[in-house]
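Trainee: Please work out how this folds:
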Amino acid sequence: MSRVARAQPRWLHWAWNNYIRHRGGLHLKQQQGTKSMRNDGGHEVIKKAIDKLMEKAHICSYGEGNERIVTGQHDTIDIHTFSWEEEEAAIAASSSSAPRRPAMVSARNYSHASYLPPYFSVAPMMEWTDVHYRTMARLISKHAWLYTEMLAAQTIVYQKDNLDRFLYFPPEQHPIVLQIGGSNLENLAKATQLANIYKYDEINFNCGCPSPRVAGHGCFGARLMLDPKFVAEAMSVIAANTDVPVSVKCRIGVDDHDSYNELCDFIYKVSSQSPTRHFIIHSRKALLNGISPAENRSIPPLKYEYFYGLLRDFPDLRFTINGGINTIDEVSAARKAGAHGVMVGRAAFNNPWNTLGHVDTAIYGAPSSSVTRRQILKEFEAYGETVLGKYGLKPNVRDVAKPLLSLFYAQPGNSLWKRKADAAFMHCKTMKSFFEETLVAIPDFVLDAPVGAPPLGSKDPFANIHSLLPPPYESREQELQYA
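Mentor: Alright, predicted model coming up:
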């Protein structure tokens, strides 16, 4: 059966199905509910789910404003004015053969109605995207979606009496996604349950990390792409233990299992056998032959055509592109080419001011805030003083200030600032004393300047991408269901 042309298009976009599952309390029966909604007679199943959602008390229990959500699209209507006739007309219109870009999920499919969709997100990076980095990132961008470092499910379970150290984050960091990894279903279930009290906005499952510690000894990360049946089971277990959306982050392949059809088989199996509707695709394959994680970010070639092929072949799913995108111009170009979302990694850490500083205006269309680095540092200082020594000797000034070392990237005084910071880390016990000792290296005109013009990207890497797409995917549906 082709994933491109269907004799009977699905009744509703995935966002609606996702909303039904998570907000309608049906997520504990994900496989039956999702499949029954899509099979013959699925319209009646959805109607019954709608009847449940019509109970305003039930809807309101999921947050203020949720009683107004009826469709999975951007537009919302009052729950009491919903019309099946209007919805069926919208369905018929969306089923036409006219080409269209898949609709982006409404922010209301996430756990708080005020968050904008994840058009831009900062990649989870081990030892980088900790709570201190995310605090700085949120001070610069109000709308970027932030990810935790990858946390092993086993760690969460074994540290259940010390969870704040691993899972706590200030509420200002919303919207935020918890990324977990693991290969034990029981630990994944327990870890998800333990994380629920922290109210993350999404839980992401790591199927892309090529680190030998993870993919080798740990037997998870990118290695899991070779076992999509287990990934589907894991996603079902995670979703059954949380009320927030779930997603998978993966590569485009592993070692010699790197054909487009093999990637599609993975996406098809996981999405058809679990509630997963959002995939973050790092557009390189992973090599598990002993090369380092850094080499795995440069040696395997980027194949953006695979990502855009997925958009074509799985129009009911949502895809975020990752890998090799370093500037806001490139983010905009990826979205213009059709990507639902874009995830940026090292550039958001190595040059946060010129990367995150343009997200709200260039990607989300917000007016310029005119915030300066001096203002950011003042707020960060107040945060830092509240967390120093929270867990005995940790975190110390070095731990808290680490993400700030890239704040003055390519600016006058940057090298001197870093040297002074290294010296100050040896004896400073407060953030105030750290800043008093180090900021003398930075000129006032740098500290007080708002974000400037965004740095120019390279030649648009997506300009001709649609002429490079692989042949359409033809799923071997019966074979794959039992593989």
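Trainee: Can you list the buried residues in the longest helix seen in the chain?
Mentor: Looking across the chain with DSSP state H, the single longest helix is helix 373-387. For helix 373-387, burial by neighbour count (16 or more other Cβ atoms under 10 Å) applies to Arg373, Ile376, Leu377, Phe380, Glu381, Tyr383, Gly384, Val387. To be clear about C-beta, it is placed using only N, CA and C from the backbone, and glycine gets the same treatment.
Trainee: Just send those residues back as TSV, with distance to Trp128 and pLDDT too.
Mentor: As requested, the buried residues of helix 373-387 are exported to TSV (distance: Cβ to Cβ, whole Å; pLDDT from 0 to 100):
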residue	distance to Trp128	pLDDT
Arg373	20	98
Ile376	18	98
Leu377	19	98
Phe380	16	98
Glu381	21	98
Tyr383	18	98
Gly384	17	98
Val387	17	97
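Trainee: now those as CSV including distance to Gly365?
Mentor: As requested, those are exported to CSV (distance: Cβ to Cβ, whole Å):
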residue, distance to Gly365
Arg373, 23
Ile376, 22
Leu377, 27
Phe380, 26
Glu381, 31
Tyr383, 28
Gly384, 32
Val387, 33
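Trainee: Quote the end-to-end distance of stretch 235-248.
Mentor: This stretch, stretch 235-248, spans 8 Å end to end (Cα to Cα, to the nearest Å).
Trainee: Could you give the separation of it from the chain centroid?
Mentor: 14 Å (Cα atoms, centre = their mean, to the nearest Å).
Trainee: likewise stretch 373-390?
Mentor: Mean C-alpha position of stretch 373-390 versus that of the full chain (Cα atoms, centre = their mean) differs by 26 Å.
Trainee: What's the mean pLDDT across stretch 473-480?
Mentor: Averaging pLDDT along stretch 473-480 yields 68.
Trainee: Next: stretch 117-134.
Mentor: pLDDT averaged over stretch 117-134 gives 96.
Trainee: buried stuff in it?
Mentor: For stretch 117-134, by 16+ other Cβ under 10 Å, it's 117-125, 128-134.
Trainee: Show me the residues you listed that map onto helices.
Mentor: Taking DSSP H, the ones among the buried residues of stretch 117-134 that sit in helices are Val131, His132, Tyr133, Arg134.
Trainee: so where is this protein shaky, pLDDT-wise?
Mentor: Scanning the chain with the threshold set as pLDDT under 70 gives 1-113, 211-218, 456-458, 476-483.
Trainee: Okay, strands next: where are they in this protein?
Mentor: Along the chain, counting by DSSP state E, strands occupy 120-122, 145-147, 151-152, 176-181, 202-207, 246-250, 278-282, 318-322, 341-344.
Trainee: looking at the ones you listed, which is closest to Lys190?
Mentor: strand 176-181 (10.9 Å; Cβ to Cβ).
Trainee: tell me the angle of the closest one relative to strand 246-250?
Mentor: Strand 176-181 and strand 246-250 are oriented at 60 degrees to each other (axes from the mean of the first three to the mean of the last three Cα atoms, to 10 degrees).
Trainee: what distance separates strand 176-181 from the middle of the whole chain?
Mentor: Here the centre of strand 176-181 is set off from its chain's centre by 8 Å, with Cα atoms, centre = their mean.
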